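Undergrad: here is a sequence together with a model predicted from it:
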Amino acid sequence: MTASKSESNRALIIQAICEEDFGVANLALAEDTQTLQRILETDIVNPQDEYNVGPAGTTIRFLTAYFSCIPGIRTLTGSERMKKRPIGPLVDALRQLGAKIEYTGAEGFPPIRIQGSTLMGNEATLDPSVSSQFVTSLLLIAPLLRHGLTIKFNGNKPVSHPYLTMTLKMMEHFGVYGQYQNDSISVSTQKYSMKESEHTDYEVEGDWSAASYWYAMVALAKDADLTILGLKQESLQGDAVVARLFEFFGVRTEFIEGGIRLKKEKVNAENFAYNFSDCPDVAQTLAVVVSALGIPSIFNGLETLTHKETNRLLALKTELAKAGTEVTVSDDSVLDIKPEGLMKGLKGVVQTYEDHRMAMSFAPLALMDTPVEIEHPEVVKKSYPGFWEDLRSVGFVIEEIA
C-alpha cells in the first residue's frame with residue numbers, strides 16, 4: 001500500500017528541525033510529499049527567494065510555519081486554486097508568536113512573503129474549525145520557540161481531530177510532549193531527539209485514505225478476497241476507521257501479519273448516516289459506494305470539503321447526478337444522498353476538478369458492469385501516483401483515450 005502522505009509530511013518537518021540525523025523509510029511518493037521534500041532539501045543547500053508548492057495544501061501550511069522560524073526571506077506561492085484556499089488563520093496565529101508575514105496578493109490567501117527569525121512563542125489563538133493542518137503546523141515548530149507554545153482555540157471544535165492526535169504522537173516519538181485539553185494544546189520548551197533504542201530510520205505506515213478505494217472495490221465486487229500490506233491495526237491515522245465503516249457495506253477486515261485481508265460479505269445496510277468531521281478524506285469514497293449500492297444516506301461534518309482542491313460537495317453532487325443519484329447540499333454542508341436504486345452506470349465522463357480523490361473515488365464504479373471514463377487521470381499523483389498501475393495488477397483494464 002502506498003505510504004501515508006500525512007505521516008510522511010510530518011516526519012519531514014520533524015527531520016528538518018531535529019538536530020540529530022535520521023532517515024525516513026517508506027516515504028510517500030505522493031506529489032505533495034515529494035514537493036515538500038524537494039523544497040526542504042533545496043533550502044538547505046541553495047535557499048530560493050520563491051517556492052511554488054503547486055496544489056499542495058499541506059506543504060504550503062507546514063512550510064509557512066517552518067520558514068517563519070528559519071532565518072531568511074522567502075515567498076510561498078502555488079497553483080491558481082491554491083491562491084483561493086485560505087491561509088489567514090495560520091498567518092494570524094504565527095503573527096501572534098512574532099512571525100513577520102505579509103500577503104503579496106489577496107489578503108488571507110497565498111502568495112505570502114515570510115521573513116524568518118527566532119520566535120519567542122508563548123501563546124496564540126486560532127480557529128481550528130477551518131483546518132487541522134493549521135494547528136499541526138504550529139505544533140511541529142514548537143521546539144523552535146523560545147518560550148514554548150500554547151494554542152488556544154477560539155471556542156470552535158477542531159476538525160479532523162485524529163490528525164492532531166497523529167501529530168502529537170509523532171512528536172512524542174521524537175521526545176516532545178504536549179498537553180491536549182478541551183480548548184487548548186500546550187507544548188513546553190523541548191527538543192526533538194531519537195530514542196536510543198530506535199533504529200536510525202523512522203518508518204512510515206501505509207495510507208488508510210488510499211486503502212479506502214480498495215475497500216470500495218471489495219464492496220462493489222461480486223466476490224473478493226484481497227490482501228493489502230503495510231497497514232496496522234494500531235494506526236496513527238484517523239482514516240483507519242474505514243475498517244469499521246465498510247462493515248455496513250459487506251467488507252470484513254482481518255488484521256494479519258504485515259497488513260489486512262478484505263473479504264466480500266452480504267451488504268446489510270438499508271440506509272446510512274455518519275459524521276465525517278474526524279475523517280473527511282474518505283467521505284467521497286463512501287458517497288460513491290452508497291450511491292452505487294442504492295443506499296439512501298446522510299453525511300455531515302463535511303464543512304472543510306468546500307476548501308479543498310475543489311468544492312468537493314458540489315463536485316459530488318454534479319458527478320453523482322450522472323448516475324441518477326440525487327444529492328442535496330445544505331447550507332451547513334450536509335449531504336443528503338438519494339440513489340435511484342442499484343447503480344446501472346454513468347452517463348458521461350467523470351470530471352475530476354483537479355482533485356485526486358474524485359478520480360480515485362469514482363474508479364471503483366467500473367465494477368458495476370459499465371466502463372467508467374475519467375478525465376485527467378494524472379491527478380492521482382497528488383497522493384497515490386501508482387493507483388492506475390495497482391488497478392491493472394489486479395485485473396482492471398485501463399485504456400488512455402486520445
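TA: Cool, got the structure.
Undergrad: element containing residue 263, please.
TA: Applying DSSP states H and E as the criterion places residue 263 in strand 259-264.
Undergrad: for that strand, output the C-alpha coordinates as CSV.
TA: C-alpha atoms of strand 259-264 as CSV (Å, rounded to 0.1, in the frame of the first residue of the first chain):
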residue,chain,number,x,y,z
GLY,A,259,-1.3,-5.8,6.8
ILE,A,260,-5.0,-6.6,6.3
ARG,A,261,-7.2,-9.1,4.4
LEU,A,262,-10.5,-8.0,3.0
LYS,A,263,-13.4,-10.3,2.2
LYS,A,264,-16.7,-9.7,0.5
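Undergrad: ok, residue 23 - contacts?
TA: By Cβ atoms under 8 Å, 6 or more residues apart in numbering, the residues touching residue 23 are 200-202. Quick note: C-beta positions are derived from backbone N, CA and C, even for glycine.
Undergrad: tell me which of those residues is nearest to residue 67?
TA: residue 202 (22.5 Å; Cβ to Cβ).
Undergrad: need the phi and psi values for the residue lying closest to residue 348 once chain neighbours are set aside.
TA: For residue 348, ignoring the flanking residues on the chain, the nearest one in space by Cβ to Cβ, 6 or more residues apart in numbering is residue 322 at 4.9 Å. Dihedral pair for residue 322: phi -70, psi -10, per degrees, to the nearest 10.
Undergrad: ok, residue 322 touching residue 345?
TA: No - with contacts defined as Cβ atoms under 8 Å, residue 322 does not count as touching residue 345, sitting 9.1 Å away.
Undergrad: and stretch 150-167, how far out from the chain's middle?
TA: Centre-to-centre, stretch 150-167 and its host chain are 15 Å apart (Cα atoms, centre = their mean, to the nearest Å).
Undergrad: list the contacts of that stretch.
TA: Residues lying outside stretch 150-167 but in contact with it, judged by Cβ under 8 Å, 6+ apart, are 6-7, 10, 93, 122-133, 135-136, 138-140, 180, 183-187, 236-239, 277-280, 301, 303-304.
Undergrad: if we can go back for a sec, so which of the contacts of residue 23 are in strands?
TA: Counting by DSSP state E, the contacts of residue 23 place 201-202 in strands.
Undergrad: ok, of the contacts of residue 23, which come out buried?
TA: By neighbour count, with 16 or more other Cβ atoms under 10 Å, the contacts of residue 23 hold residue 202 as buried.
Undergrad: which of the contacts of residue 23 sits closest to residue 379?
TA: Minimum distance to residue 379 across the contacts of residue 23 is 28.6 Å, recorded for residue 202 (Cβ to Cβ).
Undergrad: quick one: contacts for that closest one?
TA: Counting by Cβ under 8 Å, 6+ apart, residue 202 has contacts 11, 15, 22-25, 173.
Undergrad: narrow the residues you listed to those in helices?
TA: Counting by DSSP state H, the part of the contacts of residue 202 found in helices is 11, 15, 173.
Undergrad: which SSE is immediately downstream of the helix or strand that residue 124 is a member of?
TA: Taking DSSP H and E as the criterion, residue 124 maps to strand 122-126. Where DSSP H and E defines the elements, the next helix or strand beyond strand 122-126 is helix 132-140.
Undergrad: then the helix or strand following that following helix to CSV, C-alphas only?
TA: Remark: after helix 132-140, the chain's next helix or strand is strand 149-153, criterion DSSP H and E. Taking Å, rounded to 0.1, in the frame of the first residue of the first chain, the C-alpha atoms of strand 149-153 are listed here in CSV:
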residue,chain,number,x,y,z
LEU,A,149,3.7,27.2,22.8
THR,A,150,0.1,27.3,23.9
ILE,A,151,-2.5,27.2,21.2
LYS,A,152,-5.9,28.4,22.4
PHE,A,153,-9.0,27.5,20.3
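Undergrad: tell me what angle strand 149-153 forms with helix 132-140.
TA: Relative orientation of strand 149-153 versus helix 132-140 (axes from the mean of the first three to the mean of the last three Cα atoms, to 10 degrees): 160 degrees.
Undergrad: what pairs with strand 149-153, and is each one parallel or antiparallel?
TA: Strand pairing for strand 149-153, using DSSP bridges, gives strand 122-126 (parallel), strand 184-187 (antiparallel).
Undergrad: tell me which of those sits most buried.
TA: strand 184-187 (a mean of 19; mean count of other Cβ atoms under 10 Å).
Undergrad: I figured residue 106 hits residue 85, correct?
TA: No - contact criterion Cβ under 8 Å: residue 106 and residue 85 do not qualify, at 11.1 Å.
Undergrad: out of those two, which sits in the more crowded spot?
TA: Taking other Cβ atoms under 10 Å, residue 106 and residue 85 do not tie; residue 85 has more neighbours (19 against 11).
Undergrad: how about that one, phi and psi?
TA: For residue 85, the backbone dihedrals (degrees, to the nearest 10) come out as phi -100, psi 130.
Undergrad: of the contacts of residue 202, select the buried ones using a ChimeraX command.
TA: Here is the ChimeraX command that selects the buried residues among the contacts of residue 202 (16+ other Cβ under 10 Å):
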select :11,15,22,24,173
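Undergrad: just put the contacts of residue 202 in TSV and tack on distance to residue 292.
TA: Compiled in TSV, these are given as follows (distance: Cβ to Cβ, whole Å):
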residue	distance to residue 292
11	36
15	41
22	44
23	42
24	37
25	37
173	39
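Undergrad: for residue 222, state which of the contacts of residue 202 is nearest.
TA: residue 25 (37.7 Å).
Undergrad: what comes up buried for stretch 271-282?
TA: 272, 274, 276-282.
Undergrad: could you identify the most distant pair in the residues you listed?
TA: That would be 272 and 281, which, of the buried residues of stretch 271-282, are the farthest apart (Cβ to Cβ) at 17.8 Å.
Undergrad: and which of the contacts of residue 23 is nearest to residue 78?
TA: Comparing the contacts of residue 23 against residue 78 with Cβ to Cβ places residue 202 closest, at 27.3 Å.
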